[in-house]
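Chemist: model the structure of this input:
(chains A and B)
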Amino acid sequence: MIDINLIRENPELVRENIKKKFQDRKLPLVDEVLTLDKRRRELQQEGDSLRAQRNAAAKQIGVLMREGKKDEAEKEKVLSRQLNDRIAQIEEECAQTEVALKKAMSSIPNMIADRVPIGKDDSENVQGKVFLEAKKKPFEVPYHVDILEKLGGIDLDSARRTSGNGFYYLTGDVARLHSAILTYARDFMIDKGFTYCIPPFMIRSEVVSGVMSFEEMEGMMYKIEGEDLYLIGTSEHSMIGRFMGQTLSEGELPQTLTSYSPCFRKEKGSHGIEERGIYRIHQFEKQEMIVICKPEDSEKWYEKLWNYTVELFVSMEIPVRQLICCSGDLADLKYESCDVEAWSPRQGKYFEVGSCSNLTDAQARRLNIKYKNEATGKNEYAHTLNNTVVAPPRMLIAFLENHLREDGSVYIPEVLRKYMGGKTQITPKK
RNA sequence: GCAGAGAUGGCGGAGUGGUCGAACGCGCACGACUCGAAAUCGUGUUACGUAGGAAUACGUACGGGGGUUCGAAUCCCUCUCUCUGCGCCA
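Modeler: Here you go, the predicted model:
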């Protein structure tokens, strides 16, 4: 949600931003907001003055009652009741106007960064920097599930029986590798000065509707039967929820947090769960980073964050690139976003393993996350950012494909060995 | 899970139907005193919305939501959370 003052003072800027995102159908929303906003203010003024009258009358009644002038008090009461009827009418209309205003406001996209490339959809995203050489293997790289099966590291048949499609059993060294990657990633972020956090894996509906739209909720969230609780789709949900309605002191910023959680997603719509293997699944685990900072620092943090992910993958000797999200592919809440993509030697292309976003104050405004600006003495909206550190088992696809050797063994990079009991490779089961 | 008690400003803590946005204390800010500081004294100090250049005015908010009333921090319902005791468990 953007600042309504920006629409009041500079609607043309907001319209241009909408055009940049190829959402011309939303252009009328700007005028709609202006009209609703004007009406809302009129209604508030009218309501306020009526309430002021009622408050004065109520005080007067108190005085009359004390003086024992019961008849006069009764007359005042009648007038007060009439006032209350009118107040109720205006409050009703005011509430309706506010709902409509909020709805229109929340459909207007966040202002995007100047440097965001203009493009209509994901086909026009722009490759940024490339890290490590993306090499084809001198032999054919099998589908990741086949690699996993050869290693004795996955049991999808049993998972389908117990839980259905979209689940997995990871076993043996592969399961250990999965944990090793998460543990390594956790320590990597701690070394960068982030605070490790294990959040609740379930959150209330109030928080869910704060952190996502109704449509997103329908498509993603699993509800716990008989409880007002949902399984989180990412730790960002509970991590950002943690700060809802809070005003932090300036000294508490930036909050630099790295959180671990399992993630649960229905994966309704979009690609569904059709993709085989462990690319798109109902349950996975993720190490995440989130930053809450002062407005002037968010661009700097954005750069740092996605580079941390790159550094992590490079340290595991996996080639990656930055893919810069173009204007049309940018979600409405985002100011700027990019994916970190890992190289797939099998497909000969990169695929998404992480996503970094600067939401500026749009998410904070929606969730009422503020900080006290010492200089101005005012409470102002903070900026929020989030980024994937690593999310296995999807990440394992990149890992296995890149570190597979011709003999079917999988190489374990130096940095992970201490989490793998010193092993330098995983070998196929006979 | 059961029973009882409770939730008030940055903190502690009064307030049980009207003049309460909230006593008092602490903290914080500014000023006076001082060579400087402590102590002391004085002044100020919630947030949000609307109008205004501003001073300010009005409105809203005493855990959340709803109700009773001319009027609710105060009464009623409900939800959440905290504390104490019992139960249960990793």
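Chemist: so what's the closest residue to residue A:94 other than its chain neighbours up against?
Modeler: Spatial nearest neighbour of residue A:94, excluding adjacent residues (C-beta to C-beta, 6 or more residues apart in numbering): residue A:43 at 4.2 Å. No exception for glycine: its C-beta is placed from N, CA and C like everyone else's. Shown in contact with residue A:43 (C-beta atoms under 8 Å, 6 or more residues apart in numbering): A:90, A:93-94, A:97.
Chemist: which strand or helix spans the most centrally placed residue in chain A?
Modeler: By C-alpha atoms, centre = their mean, chain A has its centre lying nearest to residue A:236, at 5.8 Å. Taking DSSP states H and E as the definition, residue A:236 sits inside helix A:235-241.
Chemist: what average pLDDT does that helix get?
Modeler: Mean pLDDT, computed over helix A:235-241, is 94.
Chemist: helix or strand next in line after it, which one?
Modeler: Next element after helix A:235-241 (DSSP H and E): strand A:247-249.
Chemist: so what touches that next one?
Modeler: Identification of contacts with strand A:247-249 by C-beta under 8 Å, 6+ apart yields A:255, A:292, A:369-372, A:379, A:382.
Chemist: buried residues in that strand?
Modeler: residue A:248 (16 or more other C-beta atoms under 10 Å).
Chemist: ok, it: who's next to it in the sheet?
Modeler: When pairing is defined by DSSP bridges, strand A:247-249 lines up against strand A:370-372 (parallel).
Chemist: follow-up on the earlier one: any idea how far the residue nearest to residue A:94 is from residue A:256?
Modeler: For residue A:43, the distance to residue A:256 equals 43 Å [C-beta to C-beta, to the nearest Å].
Chemist: please apply the same query to residue A:370.
Modeler: 18 Å.
Chemist: contact residues of the stretch 251-400 of chain A facing RNA strand B?
Modeler: A:377-379 (C-beta under 7 Å from any atom of the strand).
Chemist: which one of those sits in the busiest neighbourhood?
Modeler: Within those, neighbour counts (other C-beta atoms under 10 Å) peak at residue A:379, which reaches 13 neighbours.
Chemist: follow-up on the earlier one: mind telling me what element the residue nearest to residue A:94 is part of?
Modeler: Judged by DSSP H and E, residue A:43 forms part of helix A:28-66.
Chemist: which residues of chain A fall in helices?
Modeler: Taking DSSP state H as the test, the helices found in chain A are A:4-9, A:11-20, A:28-66, A:70-107, A:144-150, A:156-162, A:172-191, A:205-211, A:214-220, A:235-241, A:298-315, A:362-367, A:394-403, A:414-417.
Chemist: list the buried residues for the third one?
Modeler: By 16+ other C-beta under 10 Å, the buried positions in helix A:28-66 come out as A:29-30, A:32-33, A:36-37, A:39-40, A:43, A:47, A:50, A:54, A:57, A:61, A:64.
Chemist: what pLDDT does the residue in the stretch 151-300 of chain A positioned nearest to RNA strand B get?
Modeler: Nearest residue of the stretch 151-300 of chain A to RNA strand B: residue A:228, at 6.9 Å (C-beta to the nearest atom of the strand). pLDDT recorded at residue A:228 is 89.
Chemist: what separates it from residue A:242, distance-wise?
Modeler: When C-beta to C-beta is the yardstick, residue A:228 and residue A:242 sit 18 Å from each other.
Chemist: count of neighbours near residue A:104?
Modeler: 21.
Chemist: likewise residue A:251?
Modeler: 8.
Chemist: next: the one 10 residues further on.
Modeler: Neighbouring residues of residue A:261 were enumerated by other C-beta under 10 Å; the total is 24.
Chemist: sorry, back to before: any residue of the helix holding residue A:43 up close to RNA strand B?
Modeler: Yes: judged by C-beta under 7 Å from any atom of the strand, helix A:28-66 comes into contact with RNA strand B at A:41, A:44-45, A:47-49, A:51-52, A:54-59, A:61-63, A:65-66.
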